[in-house]
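**Student:** the sequence and its predicted three-dimensional model are supplied below.
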Amino acid sequence: MYEIILSIIAGLVLFLYAVNNLSTTLQTAVGEQANNWIQKFTSNTFSSLLVGVVVTTLLDSSSAVIIITIVLVNSKILTFKQAMGIVLGANIGTTVSSQIIAMDIGKYSPVLLLIGFVLLVASKSEKLSNTGKIILYFGVLFFGLYTMENAVEPLKEKPFFAEWMKKTEQPVTGALIGAVVTLFIQSSSATVGMALILAKKGLLSLTGGIAVMLGAELGTCSDTLIATINGSRAALKTGLFHLSFNLLSIIIGLILFYPFVWFVQRISAGASIERTLANAHMLFNMLGVLVFVWLIPVFERVLNKLLPDKVIVNKEV
């Protein structure tokens, strides 16, 4: 049992290490361009939303994009209204990683590791070196998932684990588990990735996987809220909008949980359970954005009323 736990921890550490370094490397490689895109193409809500989708897909981290957005809002480069569109887009962009994980390319991770390592060692230009790092970290990411996948296989024979997994069948309990796990490891991608692996190995049902995925959406708000500490009112409102959007989406998702599960199964007819769960992740976030994008003016009014911008009064002596 200790070997299983250690292997799962090792795989998770590799995954988190790759996600953090991949995000940092990509920000270094396209950071200025990403900032320019965010500033240039956010003239209206829908263009802001598209920027959020594209930049999050490129950086493979919704938290990184939202934190960058909060920094730009705090610097008065972006307005609170522009930021709300980017936050919604980031929630769609983050679902791309679950689709990639569901492709089952972990067994080919050594190829990415080798290519990335060769480029990193042999290259003399910074651009090629960064490309090597990116490929290498993708290899580490998928190898981490592959390690976890192999580690959880023996858990099928463990009755206590089966009993624990049954708790996720209750939507609220499953969502709480997903939120706590994400809060602890600070990565919704890792939580969803583990859910996909457990589902693939027959250790987690589609119902339980969707419940855990819903909770992961809430847990991911913690680091963006931390980024608003000591920030401007507009930056704080951006973090609160992210929390409000995710929280309200989850509440609606739990209320309509079983119709949503049925809808996902119909849409994904014939697909594997891990692909179906990845589709659920994408559909949930897309439907949430589709509903709330029209309510941005309402969120703006409410949050502006709750947290009005400070008015500086110059007093003559």
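**Tutor:** In hand now; what should we look at?

**Student:** looking at stretch 281-296 now, give me its mean pLDDT.
**Tutor:** Averaged across stretch 281-296, the pLDDT comes to 91.

**Student:** with stretch 81-98 instead?
**Tutor:** In the prediction, stretch 81-98 has an average pLDDT of 87.

**Student:** where does the chain have low pLDDT?
**Tutor:** 1, 19, 23, 26-39, 60, 104-106, 152-153, 155-162, 186, 310-317 (pLDDT under 70).

**Student:** just read off the phi/psi values of the nearest residue to residue 50 once chain neighbours are set aside.
**Tutor:** Ranked by CB to CB, 6 or more residues apart in numbering and with sequence neighbours excluded, the top spatial neighbour of residue 50 is residue 89, at 6.2 Å. For the C-beta atoms, the positions are set from N, CA and C on the backbone; glycine is no exception. According to degrees, to the nearest 10, the main-chain angles of residue 89 amount to phi -60, psi -40.

**Student:** surely residue 151 touches residue 8?
**Tutor:** Yes - the pair residue 151 / residue 8 is scored as a contact, 4.6 Å apart, by CB atoms under 8 Å.

**Student:** buried ones in stretch 74-84?
**Tutor:** 74, 78, 80-84 (16 or more other CB atoms under 10 Å).

**Student:** hmm, who's touching stretch 248-262?
**Tutor:** 171-172, 175, 206-207, 210-211, 214-215, 217-218, 280, 283-285, 288, 291-292 (CB atoms under 8 Å, 6 or more residues apart in numbering).

**Student:** quick revisit: count the neighbours of the residue nearest to residue 50 for me.
**Tutor:** By other CB atoms under 10 Å, the residues close to residue 89 number 29.

**Student:** count of neighbours near residue 258?
**Tutor:** Residue 258: 10 neighbours (other CB under 10 Å).

**Student:** how near is it to residue 148?
**Tutor:** 29 Å (CB to CB, to the nearest Å).

**Student:** and what of residue 297?
**Tutor:** Distance from residue 297 to residue 148, by CB to CB: 43 Å.

**Student:** of those two, who's got more company?
**Tutor:** More crowded of residue 297 and residue 148, by other CB under 10 Å: residue 148, with 24 against 11.

**Student:** buried sites along the host helix or strand of the more buried one?
**Tutor:** Assigned by DSSP states H and E, residue 148 belongs to helix 126-152. Within helix 126-152, the residues that qualify as buried are 129-152, counting by 16+ other CB under 10 Å.

**Student:** for it, name the packing helices and strands.
**Tutor:** helix 2-40, helix 109-122, helix 188-200 (3 or more CB pairs under 8 Å, 6 or more residues apart in numbering; DSSP states H and E).

**Student:** and the angle from the second one to helix 126-152?
**Tutor:** What that stands for is helix 109-122. 150 degrees (axes from the mean of the first three to the mean of the last three CA atoms, to 10 degrees).
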